[in-house]
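Peer 1: Dropping the sequence and predicted coords here.
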Amino acid sequence: QVQLVESGGGLVQAGGSLRLSCAASGRAFNNYHMGWFRQAPGKERDFVLVISANGVYTDYAAFVKGRFTISRDNAKNTVSLQMNNLKPEDTAIYYCAATSTWSMRLRRASYDSWGQGTQVTVSS
């Protein structure tokens, strides 16, 4: 497993942008596909975006298309989530997570390392 720590959350107005970062330590970061999930109050933790271990492939939930992008720097053991044109419904705690299984990348259960989360609040 890897240890993950998110940062970059905060309060932003609708239409604004935020960049979240996730720093990894522990076992080889570049062996893991890295995902971002989010959980709003009273709701399930939902998949947002994922990037492959080599950084070549990505996948995303329909609700973020054209607004959010994911990137990684394997030399620095970091993965980032750039969020643009934020909406109030994007308000949630955002988590980064690591999985070894690309075929299961959309499933929360396949991720065995999680960060503590960072709060994103979008005001209308």
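Peer 2: Good, I have the coordinates. What you are looking at is a predicted structure, and each value in this text was computed from that prediction instead of being measured.

Peer 1: how about the strands of the chain, start to end?
Peer 2: 2-7, 10-13, 18-26, 33-39, 45-51, 58-60, 68-73, 78-83, 92-99, 113-114, 118-123 (DSSP state E).

Peer 1: Tell me which of the ones you listed sits nearest to residue 107.
Peer 2: Nearest to residue 107 among the strands of the chain is strand 45-51 (7.7 Å), distances taken as CB to CB. Yep, even glycine has a C-beta here, placed from its N, CA and C like the rest.

Peer 1: Run through the bridge partners of residue 99.
Peer 2: Counting by DSSP bridges, residue 99 is bridged to residue 33.

Peer 1: tell me the contacts of it?
Peer 2: Contacts for residue 99 (CB atoms under 8 Å, 6 or more residues apart in numbering) come out as 32-35, 50, 105, 110-112.

Peer 1: And it, what's its pLDDT?
Peer 2: Here, the pLDDT recorded for residue 99 equals 97.

Peer 1: Roughly how far does it sit from residue 111?
Peer 2: According to CB to CB, to the nearest Å, residue 99 stands 5 Å off from residue 111.

Peer 1: for residue 20, same thing?
Peer 2: 16 Å.

Peer 1: how about stretch 56-76: buried residues?
Peer 2: Of the residues in stretch 56-76, 60-61, 64, 68-70, 72, 74 count as buried by neighbour count, 16 or more other CB atoms under 10 Å.

Peer 1: how about low-confidence regions in this protein?
Peer 2: Low-confidence segments of the chain (pLDDT under 70): none present.

Peer 1: Fine by me, thanks again.
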